[in-house]
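> I would like to see how this sequence folds:
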Amino acid sequence: MKWIVRTLIVISLIILLIVAIGMLLPKQHTITRQASYHQPPEAIWQAITNYQEFPKWRKTVLRVEPFPSVNGNPAWTEVADHNMRIPLQVTESIPPQRLVTRIADPKLPWGGTWTTEIIPAPSGSSAGTTLVRITENGEVANPIFRFMSRFVLGYTSTIDTYLKALGEKFGEQVKIQG
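Below you'll find the predicted structure:
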């Protein structure tokens, strides 16, 4: 019986430590990641704005459910494993250069925006590549999720997965740059 009490005390202390560390971490973070693709900007734009096709090339998205547009901009919910639902909406769209999306549910324990910039190779460049740069301006309100985001998952994991999946869609392996 003593070992059960001791185990519960240790587990409680670990949880308290995680919460305390999480509370010390900043709520907001900004990170930028990028990768180059051997595709024209228009092909990249088509891929990242054709939301209904996401489940075909993004392994983390099981399905996409559109919902009524907000201020005339597209809005949808990405449904992932365990029925995790993330509602998103476009807040800025400048084809084929810039796309800003935001998490459209303030009740989630995290939120923020992704600003995706599509930058073509300079004219006359032999590289023939397009740079895709994503900047996340995120906020994690819950201190436990803040701890997990910082020390377990990493702030860059979602963007890295997205950029790699975009490369796989085009049959390319990409190198993520920070």
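
> contacts and neighbour counts: CA atoms only from here.
Will do.

> now do the helices in this protein.
With helices called from DSSP state H, the chain shows them at 2-24, 41-49, 54-57, 143-147, 157-169.

> and those as a markdown table, adding distance to residue 99?
Converted to a markdown table, the helices of the chain look like this (distance: least, C-alpha to C-alpha, whole Å):
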| stretch | distance to residue 99 |
| --- | --- |
| helix 2-24 | 31 |
| helix 41-49 | 8 |
| helix 54-57 | 16 |
| helix 143-147 | 26 |
| helix 157-169 | 14 |
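
> out of the ones you listed, which is the most enclosed?
Comparing the helices of the chain by mean neighbour count (mean count of other C-alpha atoms under 10 Å), helix 143-147 comes out on top with a mean of 21.

> that older thread, JSON lines please, covering the helices of the chain and showing mean pLDDT and distance to residue 93.
As requested, these are exported to JSON lines (pLDDT from 0 to 100; distance: least, C-alpha to C-alpha, whole Å):
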{"stretch": "helix 2-24", "mean pLDDT": "87", "distance to residue 93": "34"}
{"stretch": "helix 41-49", "mean pLDDT": "97", "distance to residue 93": "9"}
{"stretch": "helix 54-57", "mean pLDDT": "97", "distance to residue 93": "18"}
{"stretch": "helix 143-147", "mean pLDDT": "90", "distance to residue 93": "30"}
{"stretch": "helix 157-169", "mean pLDDT": "97", "distance to residue 93": "19"}
